[in-house]
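Q: Kindly generate the corresponding structure for this input.
(one chain, ligands or ions: 1)
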Amino acid sequence: MRKKIVAGNWKMNKTSTSAVTELASAIVQAELPESVTVVLHPPALWLERVAAIIKERINLGAQNVHPKVEGAFTGEISATMLKAAGVSYCIVGHSERRQYFAESDAFVATKIADLLAVGITPIVCCGESLTIRENNTYLAFVEEQIKACLMGFTATELAKIVIAYEPIWAIGTGKTATPQQAQEMHAHIRLILEHLAGKDIAAQVPLLYGGSCKPDNAKELFALPDVDGGLIGGAALQASDFVQLIHSF
Ligand code: PEP
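A: Numbers count the residues shown, from 1 in each chain. This is a model prediction of the structure:
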């Protein structure tokens, strides 16, 4: 059985220790189903504070990593450092990092390798722009993105990753992919994984949907055969919304 995952990407939000403590405490105190893996991705500055609040029940996630162990990379944090802070998941290839920091698929691939080397699960993001969706080339675009990021990995390594399909036109816009659009892409991603790693491994990799996923649309998305949960932005900033999402399977 595939893991069900709800991961909250706080992005560069929650600017005080009290706001961070309040959100993490409210989530950890809520009743959460054992069957769902919950991950919180606070800003790097708050990782250790959140780790101290959530302890074992909730997983700690990072939003970014630099693919070198140590050295002269001002402002960066390595996978080894994240591991030492208690991180077990890390987002890579998010469209905001591709857009604002010019991160390429090749760079994303090196991050994945470093995370796997220290035992952190990469959540590999992919997704097309509105133009690509409207051009009807979205399946080929995402296929290329995934292959460029994952081609160099063995089947055993690919068994340890999570993929998040996040159409850029749905991120933070209030426009969610329809269940048909989400299922079509998730089924396609599973087929790509089948070509890269074989049927058994493709069947066990969790595929998350991200893009304006909210309590009022999560149930129908999470019920789709190839959607195994969500990577959540805006709705992860309110404990009540996020907890409702966790209960949406
Ligand atoms: C995201 O950026 O990963 C995301 C899914 O954001 P939102 O839920 O706000 O669309």
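
Q: Excluding chain neighbours, what is closest to Asp173?
A: Not Asp; residue 173 is Thr. Ser212 (6.0 Å; C-beta to C-beta, 6 or more residues apart in numbering). The way it works is simple: take the backbone N, C-alpha and C, and place the C-beta from them, glycine included.

Q: just Ala187 next, same as before
A: Using C-beta to C-beta, 6+ apart and skipping residues adjacent in sequence, the residue nearest Ala187 is Asp226, 5.0 Å away.

Q: Ile161 now?
A: Ile161's closest residue in space is Pro122 (C-beta to C-beta, 6+ apart), at 5.2 Å.

Q: which phi and psi does the one you found have?
A: phi -80, psi 130 (degrees, to the nearest 10).

Q: Tally up the residues packed near it, please.
A: Look at Pro122: counted by other C-beta atoms under 10 Å, it has 27 neighbours.

Q: do the one 3 residues further on as well
A: Around Cys125 there are 26 other residues, counting by other C-beta under 10 Å.

Q: Assign a three-state SS to it, would you?
A: Three-state call for Cys125 (DSSP: H, G, I helix; E, B strand; the rest coil): strand.

Q: Just confirm it contacts Val92, I think it does.
A: Yes. Using C-beta atoms under 8 Å, Cys125 is in contact with Val92, at 6.9 Å.

Q: Near the ligand, which residues of the chain? Just list them.
A: 9, 166, 171-172, 210-213, 231-235 (C-beta under 6 Å from any ligand atom).

Q: With adjacent residues omitted, what lies nearest to Asn217?
A: Nearest one to Asn217, counting by C-beta to C-beta, 6+ apart, is Thr176 at 5.1 Å.

Q: Wait, that neighbour touches Gly211, no?
A: Yes. Using C-beta under 8 Å, Thr176 is in contact with Gly211, at 6.2 Å.

Q: for stretch 219-237, how far is the first residue from the last?
A: One end of stretch 219-237 to the other measures 19 Å (C-alpha to C-alpha, to the nearest Å).

Q: whoops, stretch 44-58 was the one
A: 17 Å.

Q: before we move on, what about stretch 29-46?
A: Stretch 29-46: ends 19 Å apart by C-alpha to C-alpha.

Q: Can you mark which positions in that stretch are buried?
A: For stretch 29-46, a neighbour-count test (16 or more other C-beta atoms under 10 Å) marks 32, 36-44, 46 as buried.

Q: For the protein, which segments count as helices?
A: 17-29, 47-54, 79-84, 95-100, 105-118, 130-135, 138-150, 155-158, 179-197, 199-204, 215-222, 239-246 (DSSP state H).

Q: Turn those into JSON lines, including distance to Val69.
A: Formatted as JSON lines, those follow (distance: least, C-beta to C-beta, whole Å):
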{"stretch": "helix 17-29", "distance to Val69": "28"}
{"stretch": "helix 47-54", "distance to Val69": "18"}
{"stretch": "helix 79-84", "distance to Val69": "5"}
{"stretch": "helix 95-100", "distance to Val69": "20"}
{"stretch": "helix 105-118", "distance to Val69": "8"}
{"stretch": "helix 130-135", "distance to Val69": "36"}
{"stretch": "helix 138-150", "distance to Val69": "21"}
{"stretch": "helix 155-158", "distance to Val69": "18"}
{"stretch": "helix 179-197", "distance to Val69": "27"}
{"stretch": "helix 199-204", "distance to Val69": "28"}
{"stretch": "helix 215-222", "distance to Val69": "37"}
{"stretch": "helix 239-246", "distance to Val69": "33"}
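
Q: Columns mean pLDDT on top of those helices, output as JSON lines?
A: As requested, the helices of the chain are exported to JSON lines (pLDDT from 0 to 100):
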{"stretch": "helix 17-29", "mean pLDDT": "97"}
{"stretch": "helix 47-54", "mean pLDDT": "96"}
{"stretch": "helix 79-84", "mean pLDDT": "98"}
{"stretch": "helix 95-100", "mean pLDDT": "98"}
{"stretch": "helix 105-118", "mean pLDDT": "98"}
{"stretch": "helix 130-135", "mean pLDDT": "98"}
{"stretch": "helix 138-150", "mean pLDDT": "98"}
{"stretch": "helix 155-158", "mean pLDDT": "98"}
{"stretch": "helix 179-197", "mean pLDDT": "98"}
{"stretch": "helix 199-204", "mean pLDDT": "98"}
{"stretch": "helix 215-222", "mean pLDDT": "98"}
{"stretch": "helix 239-246", "mean pLDDT": "98"}
